[in-house]
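Visitor: just a sequence and a predicted model for now, questions to come.
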Amino acid sequence: MGKGWKKAGMAENAQKKGAQFTKMAREIYVATKLGGPDPEANSRLKMAINAALKVSCPKATIERAIKKGSGGLNDDSGNIEEVLYEGQGPHNVGVMVLCQTDNRNRTVSEIRNLFKKNGGIMGDQGSAAWMFDKVSFIEAQKDNVEDPEEDAIEVGANEVEFDPEEKTYYFFADFEELDNVRQGLQDRGWQIESAELYYKAKNKTELNSDQKQELDELVNALDDNEDSFRIYTSAD
């Protein structure tokens, strides 16, 4: 339950850490471009910056991404845009790959090849989207939680789940209500860890351990691609 995506894990070496910083810088760029350079007025940017700082992303990298996203920096790296790719993984698992790229032709070719090499197939638009609901997703924590279901109702969320390992609650709401639910939870004393649009599987695909390993190979390969940002699957 909870997080149905794959995002960059802890870096094990300098190369992986550099790739992680690159992905975070792209998210900061996109957030700035969409909502402006002021993190206090742009919640997506604020959370992107906080996430970058948690893994010691250099402040110079963060500042450069904000400057570029706000149009204050001219370079030859091109504009970054978000693109969503769909497909099926092993055992008919639906897979959605959200990428942030400065070259669509390169990215679509690489993502298609990764599907093919790892037992999947990339499809056309709509080939996997029907397996998911587009919703708002808020990851939050709070000390001395009394009734998370009541808080969910009060702020307009449709569902709340708890991850005991992470000690984190996941709130789901209609995708138009992202900012309202985020602000409502914050006003009720919740610490917001992330808030974003999310693809939630309508019906989870059950897999055994061997099948999960096959799917993990595809997901990990997609995650290692420099342009991937979020990966959603319909697997349980």
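Guide: Received, thanks.
Visitor: give the next helix or strand downstream of the helix or strand bottoming out on mean pLDDT in the chain.
Guide: Here the helix or strand of the chain ranked lowest by mean pLDDT, DSSP states H and E is strand 5-6, holding a mean of 46. Moving toward the C-terminus from strand 5-6, the next helix or strand (DSSP states H and E) is helix 14-35.
Visitor: so what does that next one touch, helix or strand wise?
Guide: Contact analysis of helix 14-35 by 3 or more Cβ pairs under 8 Å, 6 or more residues apart in numbering; DSSP states H and E lists helix 43-54, helix 59-69, strand 94-101, strand 228-233 as its packing neighbours. All C-beta spots, glycine's among them, are computed from the backbone N, C-alpha and C.
Visitor: now the third one: average pLDDT?
Guide: Put plainly, it is strand 94-101. For strand 94-101, mean pLDDT rounds to 96.
Visitor: what angle sits between that strand and strand 228-233?
Guide: Comparing the axes of strand 94-101 and strand 228-233 via axes from the mean of the first three to the mean of the last three Cα atoms, to 10 degrees yields an angle of 170 degrees.
Visitor: contacts for strand 94-101?
Guide: Under the contact criterion Cβ atoms under 8 Å, 6 or more residues apart in numbering, strand 94-101 has outside partners 23, 26-27, 29-30, 80-89, 107, 111, 115, 120, 128-129, 131-132, 199, 201, 205, 218-219, 222, 225, 227-234.
Visitor: restricted to buried residues, select the residues you listed in ChimeraX.
Guide: The buried residues among the contacts of strand 94-101 can be selected in ChimeraX (16 or more other Cβ atoms under 10 Å) with this line:
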select :23,26,27,29,30,80,85,86,87,88,89,107,111,115,120,128,131,132,199,201,205,218,219,222,225,227,228,229,230,231,232,233,234
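Visitor: hmm, back to that, I'd like the helices and strands packed on helix 14-35 as JSON lines, with distance to P164 appended.
Guide: Output for the helices and strands packed on helix 14-35, formatted as JSON lines (distance: least, Cβ to Cβ, whole Å):
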{"stretch": "helix 43-54", "distance to P164": "21"}
{"stretch": "helix 59-69", "distance to P164": "32"}
{"stretch": "strand 94-101", "distance to P164": "27"}
{"stretch": "strand 228-233", "distance to P164": "22"}
